[in-house]
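Trainee: Okay, here's the prediction I keep looking at, along with the sequence it came from:
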Amino acid sequence: MIVHRPEQKYNLIPTSGSDFHQAEDCAKGGMILKQPVSHIKEFIQILKTDSPELIQA
């Protein structure tokens, strides 16, 4: 099976997130960071310098 990785082709930072409409779909995506984030600039810096673990259920 071929898996296309657009983040590599277009030099993007991979992220993961989700919304849900039924309880069984809760927490099927997201990111695990090494430290808490209190400002968007911190979040951007973490994305650029660390490699957060992506939740992909």
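Mentor: That came through fine. Numbering: from 1, shown residues only.

Trainee: By average pLDDT, which secondary structure element in this structure comes out worst?
Mentor: Lowest on mean pLDDT, DSSP states H and E among the helices and strands of the chain sits helix 6-9, with a mean of 74.

Trainee: From the chain's centroid, how far away is the longest helix along the chain?
Mentor: Ranked by residue count, the top helix of the chain under DSSP state H comes out as helix 40-49. The chain centroid and the centroid of helix 40-49 are separated by 12 Å, computed with Cα atoms, centre = their mean, to the nearest Å.

Trainee: That one: what's the following helix or strand?
Mentor: Stepping forward along the backbone from helix 40-49, the first helix or strand reached (DSSP states H and E) is strand 53-56.

Trainee: Listing partners with orientation, what would you give for that next one?
Mentor: strand 29-32 (antiparallel) (DSSP bridges).

Trainee: What lies in contact with the strand it pairs with?
Mentor: The set of residues that contact strand 29-32 without belonging to it, under Cβ atoms under 8 Å, 6 or more residues apart in numbering, is 15-18, 52-57. C-beta here means a position set from N, CA and C on the backbone, and glycine is covered the same way.
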